[in-house]
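Chemist: turn this into a structure:
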Amino acid sequence: MPTSCVAVVVGAGPAGLAAAASLKRIGIDPVVLEAGASVGTSWRRHYERLHLHTVKQHSALPGLHFAPDVPRYPSRLDVVRYLDAYAGRSSIAPRLNEAVRRIASHDEGFIIETTREIYLSPIVVVATGMNRVPNAEELPEQSAFEGAVIHAAAYRSAAGYEGRRVLVVGAGNTGAEIALDLVEHGAAATLSVRTAVNIVRRDFLGIPAQVTTIRFRRLPVSVLDRIGQLMSRAAFGDLARYGLPAAAMGPVSSIVQRGRIPIIDVGTVDAIKQGRIAVRPGVARFTRAGAAFVDGRDAPFDAVILATGYRTGLDEIVDVPGVLDEHAHPIGWAPRRGLYFIGFENVATGLLREIGLQAGALARDVAAIRRAGLKIPDSRLRTADS
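Modeler: Predicted coordinates:
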């Protein structure tokens, strides 16, 4: 027999903890399921130099600020400590090392099958994150390369790369920061940029980019794009001659239409301008000793780091018709009565801030449907800030 629960939260990262804490504040103590051995498992695995690109004032979860001694942009370890403190303060005790295998519809709500048990609940919050599964697709002739190849998910630090020629494939935030980390620790890094990119300073004229975006978030997207493009041009000049052509689509449009966050620069552009990081176009194919690029040039490398992104992997566990799109992303954050997806929307104002807004909206909705005897309205929900 399944174990009946009022609510189940899948994942004990920032989104899962925020959802659980918000539910507890309205008198619902959810079962929180975590595949890893601790809260914030993914944050414990990120590369060591990682810092938030959003300020701590707008990155805290509902009910707990970051400590005063934490810097404006918290480090990976700061976030890990914060998540531990948040779980403790909210009395959240996840069922650790219990991975969810399947979520399916049921007459009384949803069936949640895990590696240990089967649960039945009218309310399920999926909070496993956008980066649950590394993209593992191989590039042309990758197996021919005789050096070491890892996905960025396995990169921790530049230790062991000193003096080595390293190709970083993919110029998102992860690739850009790993390339910078490598050259700061004595490696020779080359960044393969496959598509035109939007780049913004983390701070412009002393003001965090996130704060500027929050202040102007009510403006039309076209106006926000223009502001972002002007700020980028003022900060960097024309980067096309360094191999970084500007994207045709503005930074905010790219987020809204494609879910693609611009590169939030923390020093990579300066390193490129100084010649410390080489820039090449996309990889045409790998060779035994290196890589050939689409512009016809080739170069030798000792190691390759694939910063080729992640996928949600929701199609592997969510067996509910009509709630995922063709890319296995949720169709809205509340696409089906009683089923919520928190932490899956890239927004210009910051993911952690959005998680807090969604967690608050979740609590308000569940409180309302609870008063109605768990007759859950079949409607798409919006956060107060949408």
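Chemist: determine the number of other residues adjacent to the residue nearest to residue 290 when sequence neighbours are not counted.
Modeler: Spatially, and ignoring its direct neighbours in sequence, residue 290 is nearest to residue 300 (4.0 Å; CB to CB, 6 or more residues apart in numbering). Quick note: C-beta positions are derived from backbone N, CA and C, even for glycine. Burial of residue 300, expressed as a neighbour count using other CB atoms under 10 Å, amounts to 12.
Chemist: assign residue 261 to helix, strand or coil.
Modeler: Three-state call for residue 261 (DSSP: H, G, I helix; E, B strand; the rest coil): coil.
Chemist: pretty sure it is touching residue 172, no?
Modeler: Yes - checked against CB atoms under 8 Å, the pair residue 261 and residue 172 is within contact range at 7.5 Å.
Chemist: any weak-confidence spans in the stretch 251-386 of the chain?
Modeler: Residue ranges of the stretch 251-386 of the chain with pLDDT under 70: 373-386.
Chemist: need the helices for it, in chain order.
Modeler: Per DSSP state H, counting those that start in this stretch, the stretch 251-386 of the chain carries helices over the ranges 251-258, 268-273, 351-371.
Chemist: can you give me the helices for the stretch 101-250 of the chain?
Modeler: Secondary structure of the stretch 101-250 of the chain (DSSP H, counting those that start in this stretch): helices at 173-184, 209-215, 221-236.
Chemist: what helices or strands is the second one leaning on?
Modeler: Going back to what we said before, that points to helix 209-215. helix 221-236 (3 or more CB pairs under 8 Å, 6 or more residues apart in numbering; DSSP states H and E).
Chemist: by contact count, what packs against the helix it packs on?
Modeler: The helices and strands touching helix 221-236, judged by 3+ CB pairs under 8 Å, 6+ apart, are strand 199-201, strand 203-204, helix 209-215, helix 251-258.
Chemist: give me that answer again for 7 Å
Modeler: Contacts defined by 3 or more CB pairs under 7 Å, 6 or more residues apart in numbering; DSSP states H and E place helix 221-236 against strand 199-201, helix 251-258.
Chemist: report the distance from it to the chain centre.
Modeler: The chain centre lies 23 Å from the centre of helix 221-236; the measure is CA atoms, centre = their mean, to the nearest Å.
Chemist: quick one: average confidence on that helix?
Modeler: Helix 221-236 shows a mean pLDDT of 92.
Chemist: buried residues of it, list them for me.
Modeler: 224-225, 227-229, 231-232, 235-236 (16 or more other CB atoms under 10 Å).
Chemist: Provide the contact partners of that helix at residue level.
Modeler: 199-201, 204, 216, 250-253, 256, 269 (CB atoms under 7 Å, 6 or more residues apart in numbering).
Chemist: looking at these, which is nearest residue 281?
Modeler: Using CB to CB, residue 199 is the member of those that lies nearest residue 281, at 16.4 Å.
Chemist: any idea how far residue 54 is from the closest one?
Modeler: The gap separating residue 199 from residue 54 is 17 Å, by CB to CB, to the nearest Å.
Chemist: and for residue 143?
Modeler: Remark: distance between residue 143 and residue 54 (CB to CB) = 39 Å.
Chemist: got it, and residue 45?
Modeler: Taken as CB to CB, the span from residue 45 to residue 54 is 20 Å.
Chemist: list the buried residues in stretch 153-171.
Modeler: Going by neighbour count (16+ other CB under 10 Å), the buried part of stretch 153-171 is 153, 155, 158, 161, 164-171.
Chemist: show me where the stretch 1-150 of the chain has strands.
Modeler: Counting by DSSP state E, counting those that start in this stretch, the stretch 1-150 of the chain has strands at residues 3-4, 8-10, 31-33, 100-106, 109-114, 118-121, 124-126, 133-134, 148-151.
Chemist: can you add mean pLDDT, distance to residue 321 and mean neighbour count and give those strands back as a markdown table?
Modeler: Formatted as a markdown table, those follow (pLDDT from 0 to 100; distance: least, CB to CB, whole Å; neighbours: other CB atoms under 10 Å):
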| stretch | mean pLDDT | distance to residue 321 | mean neighbour count |
| --- | --- | --- | --- |
| strand 3-4 | 92 | 23 | 12 |
| strand 8-10 | 98 | 18 | 28 |
| strand 31-33 | 98 | 22 | 25 |
| strand 100-106 | 97 | 8 | 16 |
| strand 109-114 | 96 | 13 | 21 |
| strand 118-121 | 96 | 18 | 19 |
| strand 124-126 | 98 | 15 | 29 |
| strand 133-134 | 92 | 22 | 18 |
| strand 148-151 | 96 | 31 | 16 |
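Chemist: put together CSV for the ones you listed, with distance to residue 74 on each row.
Modeler: Below are the strands of the stretch 1-150 of the chain laid out as CSV (distance: least, CB to CB, whole Å):
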stretch, distance to residue 74
strand 3-4, 37
strand 8-10, 23
strand 31-33, 23
strand 100-106, 28
strand 109-114, 31
strand 118-121, 33
strand 124-126, 24
strand 133-134, 24
strand 148-151, 25
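Chemist: among the ones you listed, which is nearest residue 328?
Modeler: Counting by CB to CB, residue 328 lies closest to strand 133-134 out of the strands of the stretch 1-150 of the chain; the figure is 9.4 Å.
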